[in-house]
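# Kindly return the folded structure for what I paste below:
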Amino acid sequence: MTAGRAGRTARLAALVVFAAAMGWLEGVVVVYIRGLLGVARPAPLPQGDEVMRRFATLPWLLGTEQSREIATIVMLAALAWLGGDRFRSRAGAFLVAFGVWDIVYYVALFAMLRWPTSLASVDVLFLIPPHPWWSQPVWVPIAISSVMIVLGTRMFLRPHQARTASPP
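Presented below is the predicted three-dimensional model:
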């Protein structure tokens, strides 16, 4: 392994550790949100219109939650920017960080709430914008995140190849 590859591998490991901690923290926040919404553990989160009705009981909560979602994406993007040195490695870092964050989020929810009870459990993935198609079985984001981690790792660790002019 070259020094360059060793350095990229160490940066990738640091990205993974940060993203895992961030995923755990996200799980903690959602435990609090579930408490505010009156969702007893390990009950599934209400879906679709019911979620929005529960959010309406605390009018400040939807905007707060949406701003948290935006802040999460901004933090992952900033982490990727710091972790990579070129567009390709930064995009790879973002994919890895997002994937690890999302999977650890579900691990945290299971550890704290014993939810999701299965990969078929339905979750509300995002609230930006609120829409019924954001409700999906947990296996969907887990599968997407797994692909993101594999693809992102390849993008991040692949050495930069200088562009050279092809011979005439």
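
# Just give me the residue right at the centre of the protein.
Closest residue to the average C-alpha location of the chain: Asp102 at 3.3 Å, with CA atoms, centre = their mean.

# Could you report the pLDDT at the residue lying closest to that one once chain neighbours are set aside?
On the basis of CB to CB, 6 or more residues apart in numbering, the spatially nearest residue to Asp102 that is not a chain neighbour turns out to be Ser145, at 4.3 Å. Where you see a C-beta, it was placed from the backbone N, CA and C, and this is true even at glycine. Model confidence at Ser145, given as pLDDT, is 97.

# How are the strands of this protein distributed by residue range?
All strands of the chain, identified by DSSP state E, fall at 122-124, 135-137.

# any idea which of those strands is most buried?
Highest mean neighbour count of the strands of the chain: strand 122-124, a mean of 18 (counted as mean count of other CB atoms under 10 Å).

# who does that strand touch, helix- and strand-wise?
Using 3 or more CB pairs under 8 Å, 6 or more residues apart in numbering; DSSP states H and E as the contact criterion, the secondary-structure elements in contact with strand 122-124 are strand 135-137.

# Could you identify the longest helix within the protein?
Longest helix in the chain by number of residues (criterion: DSSP state H): helix 3-37.

# So which elements touch it?
The elements that helix 3-37 packs onto, with contact taken as 3+ CB pairs under 8 Å, 6+ apart, are helix 59-83, helix 87-113, helix 139-157.

# If you count neighbours, what's buried in the longest one?
Residues 89-106, 108-110, 112-113 are the ones in helix 87-113 that count as buried (16 or more other CB atoms under 10 Å).

# and the closest residue to Leu125 other than its chain neighbours, how many neighbours?
If you skip the residues right next to it in sequence, Leu125 has Trp134 as its closest partner in space, 4.7 Å away by CB to CB, 6+ apart. Around Trp134 sit 16 other residues, with neighbours defined as other CB atoms under 10 Å.
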